[in-house]
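S.K.: Next come a sequence and a model predicted from it.
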There are 2 protein chains.
Amino acid sequence: MTPEVLKQQLAAAAEQINQVIKDDLAAVTNPRLAAILEHALLAGGKRIRPLLTLLAAQLVQGHKGTENPQAGTATPWQQLAISFEYLHTASLLHDDVIDHAALRRGRETVNTRWDNGSAILAGDFLHARALLLAGRAGGVPCLELIGTATQAMVDSEFIQQEAAASRDWREETYFAVLDGKTAALIAAACEAGGVAAGGNPAQRRALHTYGGNLGRAFQIIDDLLDYLGEPGATGKAVGNDLQEGKMTLPLLIARQRASAEQQAELEAIITAPAQRRREQFTRVRTLLEQTGALAACRQRAEELIAAGDQALAVFAATPQRDLLHALGQYVLQRDR
Amino acid sequence: MTPEVLKQQLAAAAEQINQVIKDDLAAVTNPRLAAILEHALLAGGKRIRPLLTLLAAQLVQGHKGTENPQAGTATPWQQLAISFEYLHTASLLHDDVIDHAALRRGRETVNTRWDNGSAILAGDFLHARALLLAGRAGGVPCLELIGTATQAMVDSEFIQQEAAASRDWREETYFAVLDGKTAALIAAACEAGGVAAGGNPAQRRALHTYGGNLGRAFQIIDDLLDYLGEPGATGKAVGNDLQEGKMTLPLLIARQRASAEQQAELEAIITAPAQRRREQFTRVRTLLEQTGALAACRQRAEELIAAGDQALAVFAATPQRDLLHALGQYVLQRDR
């Protein structure tokens, strides 16, 4: 599948999913809440999580055919799918309050445009709505998946706070945070689709592995791009993680691979004040290159995507499986 | 039932429910999250919501007997019951962040003792856990009840903000806020117990009415006590609502019943700065007495409790029904 074809398919799928979300939000009568939800939910975005739910369900149904949607009515799979967009958005709304973030994707956050209370409450609304939709469409097994993922998301925030406070720079801790923060919900989105379509345990496990690995690889590439981009050349800001003192995988691997001298230099920079860390960005990047950390990082992401593809071998080769493979490649190739 | 017997029964029930909560929280492995949840959940309190769920379930089962609990394992009814305590606590955690509250029941709030982020995340955890427990124990019908109640709770916060901003002093708006903020969850706690025990639609409606009215009456009495208590004599602070500019039922009724002159005086005080409102507290109380607003308020609460009792007539007279009646009287008689 060419990148161009993938892009078209993703855009068409996102448009369909946006319509389901709009129809669902039409039931919100409070004008202020409706405006906030529209701002938070309909600001673009690829709708990867709902798309994964739908693809997973279709993959499991295989030759048995797919749902037969009626115009204007969301199918159970669609309802389940948007519940993952709601959960994702709810966590972003709350994260932005916690981090005092003013901007997201270049637009004002809800806590800035309205206030913290509105952002917290709108997140709570979406959370409750998501669990209701998921329970209706996928029953208790889907609730269990979401409950586990939400628990992992909350846990990982606490693990991250503790790790930062105690300077816990173990790779194990990085992956524990990564799993809870990004991978758990994407894995659940995939597995839930499989559950809703009546998948067997092996199929469910395969979808969970694929989704979790896609999420992990996505975040690793994200952490990599924070060191690789040319400031100003790509749309993505560069050097943020270093400036904020975030210990991401590139730094963790560099520390492991560094000579005693390089390690001392890296630690001196990492523990320096933010201003100094920013000044030393180019030097850190050089150290990441010299230690091979950047290449090692990319290799980890590639291995994860390969393992995810491997897991999908339990399914027949269908356009849906091709699209899931293409998504993995897309994660590896993105440069912003 | 004497108040003393009621008190003993409530204390015994609360202790049982606390044990179920403790057993459930034992699964939380993150030490920081566990400490926060213990602080938020196990600080005393009557556990009225879970108790209502259990009583409602037992009421519906009637002569068919009740659940047969196994030691150390929460029964489905118990799981469903604590889900309402979790939902209530989650909303308090988030409310305290929104209101920058430093104390709750005389203890530091989670946002004060830890931080806003911890309070938001712990609330999210409890919310997800509640919906999972409720879904497991009561299936999708119970999720629908909780989803509707949560939606009403969020809605009412927005209605309240708008009403305060636009000086919307209609009784209708007061009751809309009251319904969402207090009554919806208590009504859902009652109805869910009925659902879990296989109640028919008439029984479900009766439980919903009883619970909603109990919640409404509770809040009306709360608003009344804010004007009635003697500062220093009871444990409850007095005059808070006036000082914070909250338009509660006593003021709303007083405005309706006041002469043109009294009305002008009341409005001048209500719209004055907080310091001035505090100084005028005794004068406002006198106006509430002169207009008969305090008596009218109490009458509303009594009518609601009577209608709730009436609704329970669909059930046979059992110790559970007696206890629900006694709870209504308790709400009317409390003086702090």
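M.R.: Noted; the coordinates are in hand.

S.K.: alpha carbons only for contacts and neighbour counts from here, please
M.R.: OK.

S.K.: Assign a three-state SS to the nearest residue to residue A:126 once chain neighbours are set aside, would you?
M.R.: Spatial nearest neighbour of residue A:126, chain neighbours left out: residue A:86 (5.4 Å); criterion: C-alpha to C-alpha, 6 or more residues apart in numbering or on different chains. Taken by DSSP: H, G, I helix; E, B strand; the rest coil, the conformation at residue A:86 corresponds to helix.

S.K.: so residue A:86 sits right up against residue A:125, yeah?
M.R.: No - in this structure, residue A:86 is not within contact of residue A:125 by C-alpha atoms under 8 Å, at 9.2 Å.

S.K.: Name the residue in these two with the higher neighbour count.
M.R.: residue A:86 (26 against 23; other C-alpha atoms under 10 Å in any protein chain shown).

S.K.: so who does the more buried one touch?
M.R.: Neighbouring residues of residue A:86 by C-alpha atoms under 8 Å, 6 or more residues apart in numbering or on different chains: A:41, A:126-127, A:129-130.

S.K.: Residue A:313 - how many residues pack around it?
M.R.: By other C-alpha under 10 Å, 12 other residues sit near residue A:313.

S.K.: Residue A:189 now?
M.R.: So residue A:189, with other C-alpha under 10 Å, has 33 neighbours.

S.K.: returning to that earlier point: tabulate the contacts of residue A:86 (JSON lines), appending pLDDT.
M.R.: Formatted as JSON lines, the contacts of residue A:86 follow (pLDDT from 0 to 100):
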{"residue": "A:41", "pLDDT": "94"}
{"residue": "A:126", "pLDDT": "95"}
{"residue": "A:127", "pLDDT": "93"}
{"residue": "A:129", "pLDDT": "93"}
{"residue": "A:130", "pLDDT": "94"}
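
S.K.: where along the stretch 1-150 of chain A do the strands fall?
M.R.: A:103-104, A:107-108 (DSSP state E, counting those that start in this stretch).

S.K.: Of the ones you listed, which shows the lowest average pLDDT?
M.R.: Per-segment mean pLDDT for these reaches its minimum on strand A:103-104, at a mean of 90.

S.K.: Please compute how far that one lies from its chain's middle.
M.R.: The chain centroid and the centroid of strand A:103-104 are separated by 16 Å under C-alpha atoms, centre = their mean, to the nearest Å.

S.K.: if I read this right, residue A:34 contacts residue A:28, doesn't it?
M.R.: Yes - taking C-alpha under 8 Å as the definition, residue A:34 is a contact partner of residue A:28 at 5.9 Å.

S.K.: How about the residues of the stretch 101-250 of chain A by chain B?
M.R.: Proximity of the stretch 101-250 of chain A to chain B, by C-alpha under 8 Å from any C-alpha of the partner chain, involves residues A:116-118, A:120-122, A:124-125, A:127-129, A:131-132, A:135-136, A:139-140, A:143-144, A:146-147, A:150-151, A:154-155, A:158-159.

S.K.: Tell me the buried residues within these.
M.R.: Neighbour counting by 16 or more other C-alpha atoms under 10 Å in any protein chain shown classes A:116-118, A:120-122, A:124-125, A:127-129, A:131-132, A:135-136, A:139-140, A:143-144, A:146-147, A:150-151, A:154-155, A:158-159 among these as buried.

S.K.: Mind checking which of these are in helices?
M.R.: Residues of those located in helices (DSSP state H): A:116-118, A:120-122, A:124-125, A:127-129, A:131-132, A:135-136, A:139-140, A:143-144, A:146-147, A:150-151, A:154-155, A:158-159.

S.K.: shaky segments in chain A?
M.R.: Residue ranges of chain A with pLDDT under 70: A:63-72, A:230-237, A:336.

S.K.: How is it divided into domains?
M.R.: According to automatic domain parsing, chain A comprises the domains A:1-151, A:200-336.

S.K.: who wins for proximity to residue B:22 among those domains?
M.R.: domain A:1-151 (17.3 Å; C-alpha to C-alpha).

S.K.: quick one: terminal-to-terminal distance for that closest one?
M.R.: Start-to-end span of domain A:1-151 (C-alpha to C-alpha, to the nearest Å) is 36 Å.

S.K.: Please state the offset of that domain from the chain centre?
M.R.: The answer for domain A:1-151 is 13 Å, by C-alpha atoms, centre = their mean.

S.K.: before we move on, the earlier item: quickly note the distance from the residue nearest to residue A:126 to residue B:133.
M.R.: 20 Å.

S.K.: Count residues in the vicinity of residue A:175, would you?
M.R.: By other C-alpha under 10 Å, the residues close to residue A:175 number 17.

S.K.: Heading C-terminal from the strand or helix carrying it, find the next helix or strand.
M.R.: Per DSSP states H and E: residue A:175 is located in helix A:171-178. Next in sequence after helix A:171-178, counting helices and strands by DSSP H and E, comes helix A:184-196.

S.K.: now the angle between helix A:171-178 and that next one, please.
M.R.: Calculated by axes from the mean of the first three to the mean of the last three C-alpha atoms, to 10 degrees, helix A:184-196 forms an angle of 60 degrees with helix A:171-178.

S.K.: which stretch of helix or strand covers the residue lying farthest from the centre of chain A?
M.R.: For chain A, the residue at maximal distance from the C-alpha centroid (C-alpha atoms, centre = their mean) is residue A:261, at 36.1 Å. Using DSSP H and E, residue A:261 sits in helix A:260-270.

S.K.: Does anything pack onto that helix? Which helices or strands?
M.R.: Secondary-structure packing of helix A:260-270 (3 or more C-alpha pairs under 8 Å, 6 or more residues apart in numbering or on different chains; DSSP states H and E): helix A:274-279, helix A:281-290.

S.K.: Quick check: which helices or strands does whatever helix or strand residue A:304 lives in pack against?
M.R.: Secondary-structure element containing residue A:304, defined by DSSP H and E: helix A:293-311. Applying 3+ C-alpha pairs under 8 Å, 6+ apart, one finds that helix A:293-311 contacts helix A:201-228, helix A:249-257, helix A:319-333.

S.K.: Tell me which of the ones you listed sits nearest to residue B:57.
M.R.: helix A:201-228 (34.9 Å).

S.K.: so what secondary structure elements neighbour the closest one?
M.R.: Using 3+ C-alpha pairs under 8 Å, 6+ apart, helix A:201-228 sits against helix A:184-196, helix A:240-243, helix A:249-257, helix A:293-311, helix A:319-333.

S.K.: Count the neighbours of the closest residue to residue A:238 other than its chain neighbours for me.
M.R.: Once flanking residues are discounted, residue A:238 sits nearest to residue A:226: 4.7 Å by C-alpha to C-alpha, 6+ apart. Residue A:226 is flanked by 21 other residues according to other C-alpha under 10 Å.

S.K.: What's the separation between residue A:226 and chain B?
M.R.: 25 Å (C-alpha to the nearest C-alpha, to the nearest Å).

S.K.: I'd like the distance from that residue to residue A:178, if you could.
M.R.: Residue A:226 is 16 Å from residue A:178, by C-alpha to C-alpha.

S.K.: Ok, residue A:243 next?
M.R.: 20 Å.

S.K.: When the two are compared, which one has more neighbours?
M.R.: Neighbour count, other C-alpha under 10 Å: between residue A:243 and residue A:178, residue A:178 has more, with 24 against 19.

S.K.: thought that one was touching residue A:218?
M.R.: No - the pair residue A:178 / residue A:218 is not scored as a contact, 10.1 Å apart, by C-alpha under 8 Å.

S.K.: that older thread, pipe the helices and strands packed on helix A:260-270 into TSV and attach mean neighbour count and distance to residue A:191 per row.
M.R.: Listed next are these as TSV, based on neighbours: other C-alpha atoms under 10 Å in any protein chain shown; distance: least, C-alpha to C-alpha, whole Å:
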stretch	mean neighbour count	distance to residue A:191
helix A:274-279	15	41
helix A:281-290	17	36
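
S.K.: Nearest to chain B among the ones you listed would be which one?
M.R.: Within these, the stretch nearest chain B is helix A:274-279; the backing value is 22.5 Å (C-alpha to the nearest C-alpha).
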